[in-house]
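S.K.: Compute the structure for the input listed below.
(chains A and B)
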Amino acid sequence: MAKQPEYWRWTESRWTNPDIDWKGKIITSGVDVGSVSSQAVILADGELYAYANMRTGSDSPDSANKAMKWAMENTGLTLKDLSYTVGTGYGRVNVPFSQRAITEIACHARGGNYMYGPTVRTILDMGGQDCKAIHCDERGKVTNFLMNDKCAAGTGRGMEVFADLLGVSINDVGDLSFDIDKEPQPVSSTCVVYAKTEATGLLREGWPKNKVLAAYCSAMAHRIMTLLERIGVEEDFAITGGISKNKGVVKRLEKEVGIKIMETSKYDPQIAGALGASLFAKALYDKGKK
Amino acid sequence: MKANYGYKDGSGDYFITIDTDKCNGCKSCVEVCPYGVLAVGEDENDPLSDKEVAFVTDKERKKIKYTCAPCKPNKDAIPPCIKACEMKAITHSW
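M.R.: Residues are numbered from 1 along each chain as shown, chains lettered A, B, ... in the order given. A predicted model of the protein is given here:
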């Protein structure tokens, strides 16, 4: 039997800052082992030096090692060069080479502050298996937060399920969801399993794929909006996590919120958690030296 | 910091909010909670601070609708954790 294409498979990424030579500098790092993706970020003297973003496997320590190994590729760095490492995300206590674990709430606020600048006040992290709404001050310290990790509705995993069901590559979902005549009603179920059942019904009624995608993106935006209503949205507003790459959800959410969402920075928005962890690693290393 | 612990599901919003700026870590809420929902310790969302504050325990976060139900027999009932908090740092969303 022919191998089924993996529509859910999103693009992994890796980056090194060509302007920095790490030798002789203090190297700190952050590792975010999420439910769906894992990231490793390396800082040289507090400056972003390298990162890697890849899929989480079934083994947390192994995923942490792999992500760090990939981030270090061709840089000459080894685990021994790391002065301090902070773990975050679902698998934060399972990062073998870390000195400390910090919640993803604190890390996303700090990382979002670095990526989007000190004007950012609301950070929405749409992760693989949960959704976090965070308010922070100009230094990236959390002032209010809310996390929904009891239900997969409005998360990356939900979108992966839909990409697979409709046979559309997850990277194309956003664009295709706008290739429609008229914006359809959102799917009525927020639950991923029921929404999938509803979508199957819509396809049987003869709805084109793109219209079903539009209905799901719109339902996801609405679901996230109801969460945001609880803590409110203050400008500037930024989104991190995998779903921030999906225009179909982001544009629709922007319309519901009525506040412009900040343009994604030059870095992969999925690294925010690990970036925050690496910044905490630097702060904790400095604190320990005093 | 306003820390919202809990979740939203099909039946409504279930969040316990702890205002960590008001909380003084006195543990009176921990003592009166009959079900071990609350605990006091380092603020895991503010890792650079040394202040101890109240939080909702990991194992209860996803079921407070059920765990807290006996303390909330009707909508006017004030649960013991809120009554015990002198700093008025605890609120329930439901």
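S.K.: alpha carbons only for contacts and neighbour counts from here, please
M.R.: Fine.
S.K.: quick one: the spatially closest residue to A:P186 that is not a sequence neighbour from A:M68, how far?
M.R.: Using C-alpha to C-alpha, 6 or more residues apart in numbering or on different chains and skipping residues adjacent in sequence, the residue nearest A:P186 is A:A215, 4.2 Å away. The gap separating A:A215 from A:M68 is 38 Å, by C-alpha to C-alpha, to the nearest Å.
S.K.: A:P61: how many residues sit nearby?
M.R.: Neighbour count for A:P61, taken as other C-alpha atoms under 10 Å in any protein chain shown: 18.
S.K.: which residues are contacting the helix or strand that contains it?
M.R.: Assigned by DSSP states H and E, A:P61 belongs to helix A:60-72. Helix A:60-72 is contacted from outside by A:14-16, A:31-33, A:38-42, A:50-57, A:78, A:91, A:94-96, using C-alpha atoms under 8 Å, 6 or more residues apart in numbering or on different chains.
S.K.: Same check on stretch A:83-92?
M.R.: A:26-35, A:60-61, A:93-95, A:97-104, A:107, A:273-274, A:277-278, A:280-282, A:284-285.
S.K.: which ones are touching A:K150?
M.R.: A:D130, B:Y7, B:K8, B:D9, B:K62.
S.K.: Which secondary structure state is assigned to it?
M.R.: Under the three-state scheme (DSSP: H, G, I helix; E, B strand; the rest coil), A:K150 adopts coil.
S.K.: circling back: quick one: which of the contacts of A:K150 sit in strands?
M.R.: B:Y7, B:K8, B:D9 (DSSP state E).
S.K.: nearest to A:V161, of those residues?
M.R.: Using C-alpha to C-alpha, B:D9 comes nearest to A:V161 of these, at 20.1 Å.
S.K.: Counting neighbours, what do you get for that closest one?
M.R.: B:D9 has 14 nearby residues by other C-alpha under 10 Å.
S.K.: distance of it from A:T226?
M.R.: Counting by C-alpha to C-alpha, the gap between B:D9 and A:T226 amounts to 11 Å.
S.K.: Mutual contacts of those two, please.
M.R.: With C-alpha under 8 Å, 6+ apart, B:D9 and A:T226 have no common neighbours.
S.K.: Okay, and the most centrally placed residue in chain B sits in which element?
M.R.: Geometric centre of chain B, nearest residue: B:I16, 4.6 Å, by C-alpha atoms, centre = their mean. According to DSSP H and E, B:I16 maps onto strand B:12-19.
S.K.: Is that strand in proximity to chain A?
M.R.: No - Strand B:12-19 stays clear of chain A (C-alpha under 8 Å from any C-alpha of the partner chain), getting no nearer than 8.8 Å.
S.K.: neighbouring contacts of that strand?
M.R.: B:1-8, B:54-56, B:64-65, B:89-94.
S.K.: Buried among these? Make that a ChimeraX selection.
M.R.: Listed next is the ChimeraX selection for buried residues among these, using 16 or more other C-alpha atoms under 10 Å in any protein chain shown:
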select /B:1,2,3,4,5,6,7,8,54,55,56,64,65,89,90,91,92
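S.K.: Can you list the residue ranges for helices in chain B?
M.R.: For chain B, the helices defined by DSSP state H occupy B:28-32, B:64-67, B:80-84.
S.K.: Chain A is nearest to which of those helices?
M.R.: helix B:64-67 (11.8 Å; C-alpha to the nearest C-alpha).
S.K.: can you list the residues that contact that closest one?
M.R.: B:G6, B:Y14, B:F15, B:Y35, B:V37, B:E60.
S.K.: hey, C-alpha coordinates of it in CSV?
M.R.: The C-alpha trace of helix B:64-67 is given here as CSV (Å, rounded to 0.1, in the frame of the first residue of the first chain):
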residue,chain,number,x,y,z
ILE,B,64,-12.3,22.5,40.5
LYS,B,65,-15.8,22.5,39.2
TYR,B,66,-16.3,19.2,41.0
THR,B,67,-13.9,19.5,43.9
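S.K.: Which of A:A215 and A:M68 has more residues huddled nearby?
M.R.: Under the criterion of other C-alpha under 10 Å, the comparison of A:A215 against A:M68 puts A:M68 first, with 26 against 21.
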